[in-house]
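[1] Sequence first, predicted model second:
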Amino acid sequence: MEIKCNSQIKTTSVKDLFGLMPDGEEIYSYELSNKNGMILKVINYGATITELKVPLKNGEIVDVVLGFDTLESYIQSFNLVSPPYMGATVGRYAGRIHNSSFNLNGRKIYLNKNNNGNSLHGGKIGFSQKVWAVKNVHLGQNSSITLSYSSPAGEENYPGELTVELTYTLSEENELIIQYSAKTTEDTVVNLTHHSYFNLDGHLSSVKDQELIVNAHRMLETNNECIPNGRFLELYNTYFDFYVPKKCPSKIDHTFVIDHTEEFAASLFNKKNNLKMTVYTDQPGVHIYVGGNCFNTVKGKEDADYHPLSGICFETQNFPDAPSHDHFPSAILKKDERYSHNTIYKFQSF
């Protein structure tokens, strides 16, 4: 398919066959670009970002997300002992739900268990492993792609048919803008997020020397299974205080509370190439996770062996296990309402 537009940007085919699902369904890769030479590649398996190439001030280009070269590798990665959800869209519910159950309208909902008796990232087969429909591709200034997925009522035991639309926009200010919208046929819970592993030094490197700032003074306290217990931890002068820049920690899997959504949520800076990424969101939390390990089992792009420090995720979202805690922001989507979530990853080269 060739999509053209009236623009000074030369546009060739933006749609390429990426691979075949086990049942023979075709998966395609879509490429967007802006006037600065920034390139975004998205596949409709899991509404997944496979490449995000950012131009540097010195003229070089760096691919700042981890990923795989083939569809087979993306599918195979979900069989790893700890699936990385590489670049994928996560739903219906990002994060963990304790004991895979919650109460809704006086009824106990029992979800499928896929993480030590808990439900993680939507269950056994979440949105990250679904084939999404491509609704629209806009090329030229602020190019974008809109994908959709309709989750049947009862999928992973969630109530209601949930219809999701997701738009990735590549702005002329070198922003990756992600906009989610969803509606349901009956009351349900929803919490969507994006799961790219970022590395400002390129996907073949490590994030250990990159500087992290998290614009938060509190985070959720959790047990040893990363389940929130309902309490908030004050971060001042603790290991997890990233209010001033510190190097990326070797281990982190925590949700930080964003008190002022009109400000930035977090940032990452690489001194080696003077590239900065700033995260903005209208969500109450950002879950930060360092990882990407593929256990030398599934090769990454360019034959990379991704390791526990290959990338860092900024999962902007509602709180994990929010349906079990009345004082957390509500994750309930009523049938006459619309879910909305907006996140921006902005890149600057100095």
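    Here it is on my side, so go on.
[2] any chance you could map the helices in this protein?
    71-77 (DSSP state H).
[3] any low-confidence regions in it?
    1-13 (pLDDT under 70).
[4] one more time with 50
    Scanning the chain for pLDDT under 50 picks out the ranges 1-12.
[5] Centroid-nearest residue for it?
    For the chain, the residue nearest the mean C-alpha position is His194 (1.3 Å; CA atoms, centre = their mean).
[6] Which strand residues bridge it?
    Judged by DSSP bridges, the bridge partners of His194 are Thr89.
[7] need the contact list for it.
    49, 88-90, 178, 315-316, 343 (CB atoms under 8 Å, 6 or more residues apart in numbering). Any C-beta I mention is one placed from the backbone N, CA and C, and that applies to glycine too.
[8] I'd like those written out as CSV, with distance to Tyr236 added.
    Shown next, in CSV, are the contacts of His194 (distance: CB to CB, whole Å):
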residue, distance to Tyr236
Ile49, 34
Ala88, 34
Thr89, 34
Val90, 30
Ile178, 31
Glu315, 23
Thr316, 23
Thr343, 26
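[9] Pick the one among those closest to Asp69.
    Asp69 lies nearest to Ile49 out of those, by CB to CB, at 14.2 Å.
[10] Can you give me the neighbour number for the residue nearest to the closest one when sequence neighbours are not counted?
    Closest residue in space to Ile49, ignoring its immediate chain neighbours: Gly87 at 4.3 Å, by CB to CB, 6 or more residues apart in numbering. Using other CB atoms under 10 Å, the number of residues around Gly87 comes to 28.
[11] Gly87 reaches Thr193, doesn't it?
    No - Gly87 is beyond contact range of Thr193, at 12.0 Å (criterion: CB atoms under 8 Å).
[12] which residues touch the residue lying closest to Ser151 once chain neighbours are set aside?
    Using CB to CB, 6+ apart and skipping residues adjacent in sequence, the residue nearest Ser151 is Leu162, 4.4 Å away. Applying CB under 8 Å, 6+ apart to Leu162 gives the contacts 91-92, 150-151, 182-184, 188, 190, 333.
[13] In JSON lines: those residues, plus distance to Tyr289.
    What follows is the contacts of Leu162, written out as JSON lines (distance: CB to CB, whole Å):
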{"residue": "Gly91", "distance to Tyr289": "17"}
{"residue": "Arg92", "distance to Tyr289": "19"}
{"residue": "Ser150", "distance to Tyr289": "28"}
{"residue": "Ser151", "distance to Tyr289": "24"}
{"residue": "Ala182", "distance to Tyr289": "23"}
{"residue": "Lys183", "distance to Tyr289": "29"}
{"residue": "Thr184", "distance to Tyr289": "28"}
{"residue": "Thr188", "distance to Tyr289": "25"}
{"residue": "Val190", "distance to Tyr289": "20"}
{"residue": "Leu333", "distance to Tyr289": "25"}
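[14] what's the farthest-apart pair in those?
    Pairwise distances across the contacts of Leu162 peak at 14.4 Å for Ser150 and Leu333 (criterion: CB to CB).
[15] and those two? which has more neighbours close in?
    Between Ser150 and Leu333, counted using other CB under 10 Å, Leu333 has the larger neighbour count: 21 against 12.
[16] how far away is that one from Thr146?
    According to CB to CB, to the nearest Å, Leu333 and Thr146 sit 20 Å apart.
[17] Please apply the same query to Asn44.
    For Asn44 relative to Thr146 (CB to CB), the value is 11 Å.
[18] same check, this time on Leu40
    13 Å.
[19] Between the two, which is the more surrounded one?
    The residue with more neighbours, out of Leu40 and Thr146, is Leu40; 23 against 19, by other CB under 10 Å.
[20] Could you pull up the contacting residues of Lys346?
    Counting by CB under 8 Å, 6+ apart, Lys346 has contacts 173-176, 277-280.
[21] Same check on Met86?
    48, 66-68, 74, 77, 195-197, 292.
[22] please redo it, this time with the cut-off set to 10 Å
    46, 48-50, 65-68, 73-74, 77-78, 128, 195-197, 292, 294, 298, 300-301, 306, 311, 313 (CB atoms under 10 Å, 6 or more residues apart in numbering).
[23] can you check Ser330 too?
    Shown in contact with Ser330 (CB under 10 Å, 6+ apart): 189, 318, 322-323.
[24] can you redo those residues as a markdown table with distance to Ser250 and neighbour count?
    Formatted as a markdown table, the contacts of Ser330 follow (distance: CB to CB, whole Å; neighbours: other CB atoms under 10 Å):
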| residue | distance to Ser250 | neighbour count |
| --- | --- | --- |
| Val189 | 33 | 24 |
| Asn318 | 27 | 26 |
| Ala322 | 28 | 25 |
| Pro323 | 31 | 23 |
